[in-house]
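Undergrad: Sequence and computational prediction follow.
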There are 2 protein chains.
Amino acid sequence: MSDLVGTATRSKSELAYSWIRSRIEEGIFVPGYRLVLGAIAKELHVSVVPVREAIRRLEAEGLVTFERNVGAQVAMLNETGYVTTMQTLSILEGAATMLSAPFIDANAIAAARAVNAEMADCLDHFDPHRFTELNREFHSILFEQCPNDNLLDLVHRGWNSLNMLRDSTFSFVPGRAHQSVVEHDGILALIESGAPSLEIELAARAHRTRTLDAFHEYQASHKRPSPVQP
Amino acid sequence: MSDLVGTATRSKSELAYSWIRSRIEEGIFVPGYRLVLGAIAKELHVSVVPVREAIRRLEAEGLVTFERNVGAQVAMLNETGYVTTMQTLSILEGAATMLSAPFIDANAIAAARAVNAEMADCLDHFDPHRFTELNREFHSILFEQCPNDNLLDLVHRGWNSLNMLRDSTFSFVPGRAHQSVVEHDGILALIESGAPSLEIELAARAHRTRTLDAFHEYQASHKRPSPVQP
DNA sequence: GAACCAAAGATCGTATATGATTTGTTATAC
DNA sequence: GTATAACAAATCATATACGATCTTTGGTTC
C-alpha cells in the first residue's frame, strides 16, 4: 500500500514471500512453526500456487525447511548447523572486510564508530533488541563497499539462517556483547591504519570465531528452551 | 528408470529439475537459451506447474535467470560475475581445504595424486573433457572430509555457476592446466607435511586466484564468442 | 495396558483452465 | 521508407479442482 514508486503490481508470489519473511523476521513465526500452504493462501486471499512458490524460495534462502508431502516449517538450526554457519560466516565476513577495507573512507569509519558507541550504550540501558539492530547496521557499513556482490550475498544468506535464533537471549549475553563492541573498534582501527589486508581479514574472522566460542560457553551454562511447536 | 533404490516416486518437479539441469550441464542448453515453460512441460509430459517450480529452483541456484512475465533463460555470467565467483571460490575452497586437511589420510592423498597424474596425462593426449572431469574429482577427494557441510554447499554452488562457461575452451588452456597440476601436488605436499592450517588455506586460495589471473590473460588474447541466442 | 491395524482427516502435488502481460506483426499515415 | 498504432500470437501468472500421500485417531487384539 505504502509503495512509493514500486513495481506496477507486485506478483502474488512476491506478496506471499515478503509477508512470510517479515513474519519470520519479526519473530511472529518462530523456528519450528508450521507453514501450511492452504492457511497462508486463505489469509492472503490468494491461491496456494504462489504461496508454494514463496515458501520454496524461502527454503532456498535457508529460512524455511520443506519436506515432501509433509510441509514447511520455519527453519530450526540445530547446534551443528549453528556452528557450521558461524564458521562459514567467520570466513566470509573476514574476506568481505578485507575486500571492503580499501574503500572505507573516514566518513564510514566515523559512522561505524558512532554506531558502535550506541551499541555500548545499549549495554548500559539493557536494550537487546536495539543492540541486535545496531550490530547489523555496523556490519552493513563495514561491507557496503565490498566490490564482490557474490560474497556479500552469501554473508546475507548466513545472517538469514542465524536470524532463526534471533531471540536476543544470546546475542545480548553481556560478555559477548561487550567483547563485540571492543573488537569492532579494533577492526576499525586496523582499517584506519591501513593494515595489510590479511591482517584485517584474520582479525575480522577471529572476531566471529570468538563469538562462536562464546556461544558454546553460553550453551554449556544455559539450557536453551526448545522452540515452540504449534 | 535406472534408479537403483531411489526415492519411491520422484516428484514431477524433481524430474523437471534434474532434466533441465543435466541438459545445462551437458551443454545442450547453452547460456542464453530460453527455457519456455510450456515447451518443457510438453516435452516431459507434465504440467507447467512443476516445471515452473524447477526453474525457480534453478534460478535460486544461479543456473538460470528469470524475469517476471518474460521467462527464463540459462544464466550467462558476464565477466564481473565470473571474476567475483572465482574470487569467492578462492576464499571458500581455501577455507575448505584448511578444514579438511586434518582428516585427509595417506589413502586420500595417494588417490588425489593418482588423479593428478592422470590429469597430467590428459595434457599430453589433449583430452580437455576428461581433464575437467578429473579436476572436479580431485577437488572432491580434497573436500570430501570437510567437517563444515555448509561451506561445502557454497563451494558446489560456485562450481555450478562457473559451469556456465564450462565450454572447456578455457579450463584446458595449456598454461593454466599445467600450472594447476603442479600446484595440486604442492597443496598435497603441504597437507602431507602437516603444515599449519593457515599456510594450507593460503596456498589453496592462491591457486584459485592464479587461475583467475590466467583467465584474464586468456581473455585478453582470445575474444570469446558471444553465447548463442536461439 | 501396549501394540497393531484401519479408516478418516489434513495437507500436499499436479493437471487443467483462464486472465494478464509481453512480444511480434501488420496496416496505415506521413 | 519510416514511424506509429492497432491487432494477433505467444507466454507467463494464478485460480480451481482433484488425486496422492502422510498423519492421526479410534478401535481391536493379545
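TA: Everything's here; your move. Please read these numbers as outputs of a predicted model, since none were measured by experiment.
Undergrad: any weak-confidence spans in chain A?
TA: Applying pLDDT under 70 to chain A picks out residues A:1-8, A:163-174, A:218-230.
Undergrad: can you do 50?
TA: Counting by pLDDT under 50, chain A contains low-confidence residues at A:1-7, A:167-169, A:224-230.
Undergrad: which bits of it sit near chain B?
TA: Within reach of chain B by C-beta under 8 Å from any C-beta of the partner chain, chain A has these residues: A:11, A:49, A:52-53, A:56-57, A:60-61, A:68, A:81, A:84-85, A:87-88, A:91-92, A:95, A:147-151, A:154. Backbone N, C-alpha and C define where each C-beta goes, glycine included.
Undergrad: Can you report how many residues neighbour the single nearest residue of chain A relative to chain B?
TA: Closest residue of chain A to chain B, C-beta to the nearest C-beta: residue A:60 (3.6 Å). Residues contacting residue A:60 under the criterion other C-beta atoms under 10 Å in any protein chain shown number 16.
Undergrad: That one contacts residue B:58, doesn't it?
TA: No - Residue A:60 lies out of contact with residue B:58 (C-beta atoms under 8 Å); the separation is 10.2 Å.
Undergrad: and chain A, which residues reach DNA strand C?
TA: A:8-9, A:35-39, A:48-49, A:52, A:68-72 (C-beta under 7 Å from any atom of the strand).
Undergrad: can you give me the strands in chain A?
TA: Secondary structure of chain A (DSSP state E): strands at A:34-35, A:64-67, A:71-74.
Undergrad: and of those, who's closest to residue B:179?
TA: For residue B:179, the closest of the strands of chain A is strand A:64-67, at 42.0 Å, according to C-beta to C-beta.
Undergrad: Within the sheet, what are the partner strands of that closest one, with directions?
TA: Using DSSP bridges, the strands paired with strand A:64-67 are strand A:71-74 (antiparallel).
Undergrad: List the buried residues of the strand it pairs with.
TA: A:72-74 (16 or more other C-beta atoms under 10 Å in any protein chain shown).
Undergrad: So which of these is the closest to residue A:23?
TA: Using C-beta to C-beta, residue A:74 is the member of these that lies nearest residue A:23, at 8.9 Å.
Undergrad: For the most centrally placed residue in chain A, give its distance to residue A:62.
TA: With distances taken as C-alpha atoms, centre = their mean, residue A:159 lies nearest the centre of chain A, 2.7 Å away. Distance from residue A:159 to residue A:62, counting by C-beta to C-beta, to the nearest Å: 10 Å.
Undergrad: Okay, domains of chain A per the record?
TA: Split into domains by automatic domain parsing, chain A comes to A:12-74, A:79-221.
Undergrad: Looking at the ones you listed, which is nearest to DNA strand D?
TA: domain A:12-74 (2.8 Å; C-beta to the nearest atom of the strand).
Undergrad: quick check, that closest one touching DNA strand D?
TA: Yes - applying C-beta under 7 Å from any atom of the strand, one finds domain A:12-74 in contact with DNA strand D at A:12-13, A:45-50, A:53, A:68-70.
Undergrad: Just the buried residues of these.
TA: By 16+ other C-beta under 10 Å, the residues of domain A:12-74 next to DNA strand D give A:12-13, A:46, A:48-50, A:53 as buried.
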